[in-house]
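Novice: Return a 3D structure for these sequence lines:
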Amino acid sequence: MEPQPSRSIGDLLRSLVRDIQNLVATQIELAVAEAQEKLRQAGIAVLFVSCGLLFVFSAWIVLLFALVTALSVHLPAWAAAGIVAVVTALVGGAFLAIGLRDLKADRLKPKRTLAVLRHEREIIKETLS
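Specialist: Next up is the predicted model:
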């Protein structure tokens, strides 16, 4: 084996910077490719969830119709339908109110993370002062 000619520190540093840049670029490409694959998987999953929800909703409609039919044996059909509609609307309204309340921006704010970031900002300010 022939000894390699020694390289200057400047050449070594330039080579190191170039290698780090290549590594970072490769890692970014890998992350983008993986994110694209995960998004594709998520899109397919959303399609399956949507189809499932359609069938569950259809079954719910049939179940409500069966309930109206069963109640109409003892009540006029209009009263049975009205009772089922009112109870369904009340339950649905309760779910809707809870969901809308939980979707408010204040409830979705990452409060603990923001508190940690504020604390770290104060530590950095004190350190730099």
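
Novice: can you pull the contacts of the residue nearest the centre of the chain?
Specialist: Nearest to the mean C-alpha position of the chain, by Cα atoms, centre = their mean, lies A42 at 9.9 Å. Counting by Cβ atoms under 8 Å, 6 or more residues apart in numbering, A42 makes contact with nothing. Quick note: C-beta positions are derived from backbone N, CA and C, even for glycine.

Novice: Next one: it from V49, what distance?
Specialist: Computed as Cβ to Cβ, to the nearest Å, the A42 to V49 distance reads 10 Å.

Novice: repeat for V68
Specialist: Relative to V49, and taking Cβ to Cβ, V68 is found at 29 Å.

Novice: okay, the two: which has more neighbours?
Specialist: Ranked by neighbour count (other Cβ atoms under 10 Å), V68 and V49 place V68 first, with 19 against 10.

Novice: Which secondary structure state does that one sit in?
Specialist: Secondary structure assignment for V68 (DSSP: H, G, I helix; E, B strand; the rest coil): helix.

Novice: just L75 next, same as before
Specialist: Three-state secondary structure (criterion: three-state DSSP) places L75 in coil.

Novice: who touches it in this structure?
Specialist: If a contact means Cβ under 8 Å, 6+ apart, then L75 has I83 as its contacts.
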